[in-house]
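> Below are the sequence and a predicted model for it; my questions follow.
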Amino acid sequence: MMEIFCCERMETEALSEDQKWKFIDFDLSKRYFGIFQINTPYSIEIKHCPFCGKKLPDNLIDEKWDTIFSELGKDFLADEDGNPPKKELPPEFKTDEWWKKRGL
């Protein structure tokens, strides 16, 4: 399995808590890397490190929801009327625990 952070600079930027200057979007639970778009809360996914050029690990966005639905069902989504989900996601799905446990 590939290391999550390819270089020290990427790790520093991805884990930075300085929201004013943060430009790397990193979500450990989805193994997602992105670069924030100017003046928006949205990011564009990146596949290579902007600092050292190494390929980043693939994101697990689809795998996360496929795993949730196949193992736990669909009670974790809002319904068609916009009502909140019937159940809260287990804590493991809020971290990297779920994908490490499954060898992803």
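It's in.
> Does Trp21 fall in a helix, a strand, or a coil region?
Three-state call for Trp21 (DSSP: H, G, I helix; E, B strand; the rest coil): coil.
> what separates it from Phe36, distance-wise?
Going from Trp21 to Phe36 by Cβ to Cβ, to the nearest Å gives 10 Å. No exception for glycine: its C-beta is placed from N, CA and C like everyone else's.
> Those two: who's more crowded?
Set side by side, Trp21 and Phe36 show more neighbours around Phe36, with 14 against 7, by other Cβ atoms under 10 Å.
> Give me the phi and psi angles of that one.
When read as degrees, to the nearest 10, the backbone of Phe36 gives phi -60, psi 140.
> The protein: helices as residue ranges?
8-14, 61-72, 97-101 (DSSP state H).
> Near the residue nearest to Glu97 when sequence neighbours are not counted, how many residues? Count them for me, please.
Leaving out its chain neighbours, the residue that sits closest to Glu97 by Cβ to Cβ, 6 or more residues apart in numbering is Pro91, at 7.7 Å. By the criterion of other Cβ under 10 Å, Pro91 has 9 neighbours.
> how close does Phe93 get to Trp65?
10 Å.
> for Gly34, that is, sorry about that
From Gly34 to Trp65 the distance is 18 Å (Cβ to Cβ).
> got the domain boundaries for this protein?
1-59, 61-101 (automatic domain parsing).
> Turn the ones you listed into a markdown table, columns for mean pLDDT.
Shown next, in a markdown table, are these (pLDDT from 0 to 100):
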| stretch | mean pLDDT |
| --- | --- |
| domain 1-59 | 89 |
| domain 61-101 | 87 |
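> Most remote residue from the middle of this protein, which is it?
For the chain, the residue at maximal distance from the C-alpha centroid (Cα atoms, centre = their mean) is Asp81, at 26.9 Å.
> could you pull out the strands for the chain?
Remark: strands assigned in the chain by DSSP state E are 24-27, 32-36, 43-45.
> Format those as JSON lines; extra columns: distance to Glu8.
Shown next, in JSON lines, are those (distance: least, Cβ to Cβ, whole Å):
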{"stretch": "strand 24-27", "distance to Glu8": "13"}
{"stretch": "strand 32-36", "distance to Glu8": "15"}
{"stretch": "strand 43-45", "distance to Glu8": "21"}
